[in-house]
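> please find the sequence and the predicted model below.
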Amino acid sequence: MSQPLVSVVVPIYQIDKYIGICIESLMNQTYRNLEIILVDDGSTDRAPEICDLYAKKDKRIKVIHKTNGGLVSARKAGLEIATGDYAGYVDGDDWISPGFYEALVNTIIEYDSDVVVAGMSRDLFSVSTKINSKIPAGNYVGERLTRLKQNMLTYEKFSRIGITTYVWNKLFKREMLKKYQMKVNNSITIGEDAGVTYPYLMACNKISVIDNYDYHYRQREDSMLKTTTAYSKEVIGLRLLYLHLMSAANNYADSLNYKNQIRDFLLGLCIIRSGGILKEIKDDFSPYGREFYGSDIVIYSAGTFGQQLMARIKENEYCNVIGWVDTDYKEYRKCCLDVDPIENIDFMSFDYLLIATVDGVIADNIRTNLIWRGLSMNKILNVNCPEEKRTHLLDKYLSI
């Protein structure tokens, strides 16, 4: 039996230090029938030369050189020339283990799935962490598929993602992927993966979820440091994403809870990008359940939310941050962030500790551990948006 062709689109911009490792990992796949499409999105480093060099080494490699248009436009350009039965993405600064595509192709063929969802390995300096979707591995059809769609964006608690947003740890049917990728506005730069993933999942009749960690997401030093612009500018992209995701909402049965899932997902993004402390929101509702303006606080977590929260506090002189802690503090220090180990809170005097995550289950686990450490539960604040307030609150965030 002939092996189906798999098109792999690799967007590339200013990553000449990493692109060779990425391309080599694709060339060394045990699944050989690949069409490797390298999309140089206007790089001014040596990435274009590297792409052309590899194209001479392997006839499976095609190269597109285009003016810079952003990640969405690069992915579209790759899909425009793709010819495979199936298609996937690999970011140019990531890499994949040799058996990645063989595992995905075998699954999509065996179960005649519309998509295969894998896990990933997050490579942070010398530490590699395996991460899965929250929805368990298995093959979803019929009633099981309905339950997956009902929980793909809100699994168990507010803003706890059931199926990961990323497009690069999945294998799609090419024609179907192209349909949904081409609808995404090139200007969407926050949540651009979600703009493809969830409309695609809603159209699926069969979905496979597998425990596979062969995709290596390289969390680079510069990617760990989050850029912060005024929320009034970031909200423009958030509105575009919301309108895009909601554009087909009326096509889905109310029982799938799609509108509320999109609402919760966007509300979570708004809270992360704003730090949840906008003055336009403050007098109406605090997602932390309590006002802490002018207080002495500690921030728990130095990820995207933690960095955005720190930046917003400084912008608005909102309160006094006397400590910042994270389990991965050593890695964040390498990025020149002043982060300390969790144990340091035992020696700090503060009014409140803010848990910088919108994932309710993660926040509950952190809260429990902090209470075991002897911290008063009244000092611990985390995001808590009651169901009855979410629609109103999202409207407020998107109207700023």
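Perfect, I can see it now.

> which parts of the stretch 151-300 of the chain are strands?
Secondary structure of the stretch 151-300 of the chain (DSSP state E, counting those that start in this stretch): strands at 170-173, 207-209, 215-218, 296-300.

> so which of the ones you listed comes closest to S376?
Nearest of those to S376, taken as Cβ to Cβ: strand 296-300 at 12.9 Å. Any C-beta I mention is one placed from the backbone N, CA and C, and that applies to glycine too.

> mind listing what's buried along the closest one?
Along strand 296-300, these residues count as buried under the neighbour rule (16 or more other Cβ atoms under 10 Å): I297, V298, I299, Y300.

> repeat for stretch 98-113
Neighbour counts over stretch 98-113 (16+ other Cβ under 10 Å) mark F100, Y101, E102, A103, L104, V105, T107, I108, Y111, S113 as buried.

> need the contact list for the first one.
In other words, F100. By Cβ atoms under 8 Å, 6 or more residues apart in numbering, the contact list for F100 reads Q29, A118, N212, D214, Y215.

> how near is it to T165?
Per Cβ to Cβ, to the nearest Å, F100 is found 19 Å from T165.

> lowest-pLDDT helix or strand in the protein?
helix 221-224 (a mean of 63; mean pLDDT, DSSP states H and E).

> stretch 287-294: how far from the chain's middle?
27 Å (Cα atoms, centre = their mean, to the nearest Å).

> endpoint to endpoint, it covers what distance?
17 Å (Cα to Cα, to the nearest Å).

> V90 contacts L26, correct?
Yes - at 6.7 Å, V90 counts as touching L26 under the criterion of Cβ atoms under 8 Å.

> overlap of the contact sets of the two?
In contact with both V90 and L26: V8, V10, I96, using Cβ under 8 Å, 6+ apart.

> follow-up on the earlier one: in CSV, list the buried residues of stretch 98-113 along with distance to E156, secondary structure and pLDDT.
Shown next, in CSV, are the buried residues of stretch 98-113 (distance: Cβ to Cβ, whole Å; DSSP: H, G, I helix; E, B strand; the rest coil; pLDDT from 0 to 100):
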residue, distance to E156, secondary structure, pLDDT
F100, 29, helix, 98
Y101, 31, helix, 98
E102, 33, helix, 98
A103, 27, helix, 98
L104, 27, helix, 98
V105, 31, helix, 98
T107, 25, helix, 98
I108, 28, helix, 98
Y111, 26, coil, 97
S113, 24, coil, 98
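
> which of those residues sit farthest apart?
Across the buried residues of stretch 98-113 (Cβ to Cβ), the longest gap, 17.6 Å, separates F100 and Y111.

> quick one, domains of the chain?
6-219, 274-387 (automatic domain parsing).

> and the shortest one, how far from the chain's centre?
Domain 274-387 sits 21 Å away from the centroid of its parent chain (Cα atoms, centre = their mean).

> will you turn the strands of the stretch 151-300 of the chain into CSV that also has mean pLDDT and distance to D40?
Shown next, in CSV, are those (pLDDT from 0 to 100; distance: least, Cβ to Cβ, whole Å):
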stretch, mean pLDDT, distance to D40
strand 170-173, 98, 23
strand 207-209, 98, 32
strand 215-218, 95, 19
strand 296-300, 98, 39
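
> closest to I371 out of the ones you listed?
Using Cβ to Cβ, the nearest of those to I371 is strand 296-300, at 13.0 Å.

> helix or strand right after that closest one?
helix 304-316 (DSSP states H and E).

> what's around the residue lying closest to S295 once chain neighbours are set aside, how many residues?
Spatial nearest neighbour of S295, chain neighbours left out: D351 (4.0 Å); criterion: Cβ to Cβ, 6 or more residues apart in numbering. Using other Cβ atoms under 10 Å, D351 is surrounded by 16 other residues.

> does D351 touch G294 like I think?
No - with contact defined as Cβ under 8 Å, D351 does not count as touching G294 (9.1 Å).

> quick one on the thing from earlier: between the buried residues of stretch 98-113, which sits nearest C336?
Within the buried residues of stretch 98-113, the smallest distance to C336 is 33.2 Å, found for F100 (Cβ to Cβ).

> many thanks, have a good one.
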